[in-house]
Structures are given as structure tokens and as C-alpha cells.
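>>> I need the structure of the sequence given here:
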Amino acid sequence: MGASPPDEAAHSLAERLLHLTHVALSAPDLPSGIVPTLDALISDTAAVGSAYFHLEDQDLTFRVRAAAGELPSTPAMQAIATHGLPQHTPLLLAIQESGAPLFFADTASSPVTAGFPELNVVSLAAAPVRSSTGRLLGAFLMHTFVRHEWQAAERDLFRSIGATLAVLAGRLTAEQQARDAREAALRALGLALETRDQETQGHTDRVTARAEQLAVRLGWSVERHQALRWGAYLHDVGKIAIPDRILLKPGLLDDVERREMQRHVLEGARFAQALGFLPPQALNVIRDHHERWDGAGYPHGTQGEAISEEGRLFAVCDVFDALTSVRPYKAAWSVEAALAEVQAQAGRQFDPQVVTAFVTLIREGLEQDPVQVA
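I've put the predicted structure just below:
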């Protein structure tokens with residue numbers, strides 16, 4: 001870090017903070033907003049690594065939500081990355097009581113930084129991140145692996161960045177709480193439909209979990225995962241409009257009853273659209289999960305890649321779960337028999353590429369835990 005005239009340094013700091021605040025306000029999620037801020041610490045200070053720990057209300061644990069630069073590679077750090085830091089950790093207790101950042105040139109010389117020398121962290125800076133009302137949201141840290149006296153310019157940047165992180169953490173915490181509430185309501189609605197349609201108990205959670213596993217294999221983004229999950233919860237919501245005499249009929253449906261049952265897709269899409277907050281990808285699941293690759297599906301007879309990716313993915317998971325589940329009109333198929341049927345329908349009912357990924361996923365699961373997959 002080279003020395004700059006005071007006015008020039010202040011102007012540079014102000015410009016950097018303005019940019020970081022803009023990033024924070026426009027970020028779609030916590031990591032993508034915070035990482036540029038942590039990168040700024042590493043770029044403009046002697047720190048080699050930095051991390052943000054978010055306070056999880058349910059267990060009062062500080063968990064890593066974003067990190068940048070070089071982090072300790074010790075087993076203790078791996079445990080922290082997995083399980084977080086308890087609220088009673090000496091450093092975190094000090095942060096909660098402090099109204100300002102804390103700076104340590106040598107972690108071995110202070111009881112407040114107990115445990116950090118074992119991480120090979122020699123110098124450390126830590127600060128609380130609070131909401132506008134003073135509520136603790138989390139803490140951010142930067143560190144070195146060699147002794148370092150934190151300079152005035154480094155301290156100023158570190159203090160200023162705390163406000164930027166507070167803006168982001170506060171906004172996204174509120175948004176996450178709203179998303180969690182919506183997700184809980186959508187899942188509850190899906191489970192309520194299962195209570196009415198007793199033959200599908202457990203179907204919603206099973207098919208949602210499997211669809212998410214397949215989405216991971218296909219490299220889908222976190223945002224698409226959420227949309228897929230929400231659509232999965234509501235994929236059969238239109239059955240609420242189907243009369244009991246058809247929905248609960250123990251035997252096979254005749255042609256008239258089948259057409260009435262198929263109406264649940266359009267009713268479900270209409271209901272989901274009326275909610276107003278579902279992303280398009282979630283609506284795709286509801287609208288397209290009974291379409292077929294060969295165009296012989298319903299309700300629109302959409303064919304091939306004109307069917308949404310969400311609909312193509314979910315269709316395979318939905319049918320596989322139906323085949324391997326007991327229904328009043330059939331026994332449960334074995335996993336191998338169901339996989340053989342899914343493969344036989346590649347290029348007819350299902351997208352061949354999705355079938356290949358799905359079969360690989362299930363077979364790997366069988367190798368790891370045959371009982372759970374079955």
C-alpha cells in the first residue's frame with residue numbers, strides 16, 4: 001500500500017465504498033454481494049483472506065456465508081466451515097459487546113482470539129455487522145498468516161466496509177425470511193393436497209428431492225433450484241378442482257374421467273399464476289410436467305425442446321416416483337423395472353439427455369445406499 005495525500009485517499013475510499021454499496025444493493029444473494037466487498041479488503045490491505053459469518057437465529061451459530069482469498073487449510077477450519085462458530089466463542093462474545101472493529105497484531109497474545117493461532121492465523125481484524133436498529137446480523141473478519149500491525153488506512157477501510165455489509169446483510173436477511181415463509185406455505189399446500197389424495201402420501205417430498213438432485217447433476221443455478229422446488233410443491237395443485245369421484249376412484253379411469261383428470265394441469269397453472277410471486281421456471285413445472293417429448297402429452301401437445309427444461313426434468317422424476325409407489329390400481333414397481341421403463345421411453349415420453357442423467361443419478365444412489373433409493 002503506497003501513501004496518498006489525505007484528500008486523494010479520502011476521495012478514493014469514498015468512490016470505492018460507493019461502488020461496493022451499489023453492488024450490495026443490486027446483488028441477488030448474500031455471497032454475490034459480499035464477495036466483492038471481501039475482495040476489496042484483500043486488495044487494499046495486507047490481509048490475505050477474509051470471510052463473513054452470518055448469525056443463524058435458529059441455533060445462535062455464526063456460519064460462513066461468503067469468503068475470499070486464502071483461508072486456513074487446517075482440520076479446525078474445515079470444522080468451522082461445516083458447523084460454524086458458536087456464539088460463545090471468545091472473539092464473537094467480544095464482537096457482540098463491541099461497538100467498533102477489533103484489531104489484533106498477534107492472536108497468540110490475547111485471550112479474545114483463543115483458537116485462532118491453531119488455525120495459523122497470526123494477525124486478525126473482526127467487526128460486528130448490525131442492522132439499522134442495532135440488531136446483530138453477523139461478523140466479518142480479515143486475517144494474515146504473518147504478524148502485521150494494522151495501519152490507519154486499513155482500519156478506516158475496515159470500519160467503513162462494515163456499513164456496506166450491514167446494508168446487504170439486513171436486506172437479504174429480510175428477503176430470505178420472506179422466501180422461507182413462502183416456501184413453507186407452498187410445501188404445506190402440497191402436503192395438504194396429499195391428505196386429500198391419499199394414494200400419493202410422501203410423493204411431494206420424494207419427487208421434489210429427486211428433482212433437486214437431478215438439477216444439481218445438470219449444473220443448474222441456485223435460483224433455478226428454488227424455482228424448481230416451488231413448482232414441484234405445487235405440480236398437482238390443480239387437483240383441488242377435480243371431483244372426488246374421479247380423484248379418489250380406486251380403479252382405472254374411463255376416457256371421460258381421464259380428460260377431466262387431465263384438466264388439473266390447466267387449473268394448477270391458473271392457480272399458481274394467481275399467486276403472483278412464483279418465478280416463470282416454477283410455473284413451467286406445473287404447466288409442462290405431463291407434456292411428452294413426442295408431442296403426445298397434455299394439455300398442449302408441446303413437443304421436444306419446445307417443452308420447458310423444468311417440465312422435461314420434472315416429468316422423469318414424477319413418473320419414476322409413480323411407478324415405484326403403491327397405488328390402488330397397481331403394486332409398486334422395483335427400481336430396476338422402473339429404470340428400464342424410463343429408458344424405454346427416452347425419445348418418446350422423455351428427453352433422452354434428461355433420462356441419461358437421471359438413470360446415472362439413480363444407479364449411483366443404488367451403489368451408495370440401495371435401501372434409501374429403493
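
>>> in the chain, which helix is the longest?
helix 152-196 (DSSP state H).

>>> confirm residue 63 sits in a helix?
No - counting by DSSP: H, G, I helix; E, B strand; the rest coil, residue 63 is not part of a helix but strand.

>>> quick one: the helices in the stretch 251-374 of the chain?
255-262, 264-275, 280-288, 309-323, 335-344, 352-368, 370-373 (DSSP state H, counting those that start in this stretch).

>>> out of the ones you listed, flag the one nearest residue 148.
Judged by C-beta to C-beta, the one of those that comes nearest to residue 148 is helix 352-368, at 45.6 Å. (C-beta placed from N, C-alpha, C; glycine too.)

>>> for the closest one, buried residues please.
Residues of helix 352-368 classed as buried by neighbour count (16 or more other C-beta atoms under 10 Å): 354, 355, 357, 358, 359, 361, 362, 365, 366.

>>> compile those into TSV and extend it with columns for pLDDT.
Listed next are the buried residues of helix 352-368 as TSV, based on pLDDT from 0 to 100:
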residue	pLDDT
354	97
355	97
357	96
358	97
359	96
361	95
362	95
365	80
366	76
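
>>> of these, closest to residue 221?
residue 357 (16.4 Å).

>>> how about the closest one, nearest residue that isn't a chain neighbour?
residue 217 (5.3 Å; C-beta to C-beta, 6 or more residues apart in numbering).

>>> the one you found and residue 303, how far apart?
Look at residue 217 and residue 303: by C-beta to C-beta, to the nearest Å, they are 25 Å apart.

>>> and for residue 249?
Taken as C-beta to C-beta, the span from residue 249 to residue 303 is 30 Å.

>>> repeat that for residue 358.
From residue 358 to residue 303 the distance is 20 Å (C-beta to C-beta).

>>> likewise residue 228?
Taking C-beta to C-beta, one finds residue 228 at 22 Å from residue 303.

>>> for the two, indicate the residue with more neighbours.
Using other C-beta atoms under 10 Å, the more surrounded residue of residue 228 and residue 303 is residue 228, with 26 against 14.

>>> my guess is the more buried one meets residue 279, correct?
No - in this structure, residue 228 is not within contact of residue 279 by C-beta atoms under 8 Å, at 9.7 Å.

>>> return the residues in contact with residue 87.
By C-beta atoms under 8 Å, 6 or more residues apart in numbering, the contact list for residue 87 reads 55, 60, 61, 62, 93, 96.

>>> so where's the stretch 1-150 of the chain uncertain?
1-30, 58 (pLDDT under 70).

>>> which residue ranges of it form strands?
Taking DSSP state E, counting those that start in this stretch to define them, one finds strands in the stretch 1-150 of the chain at 49-56, 61-69, 85-86, 102-104, 123-130, 136-144.
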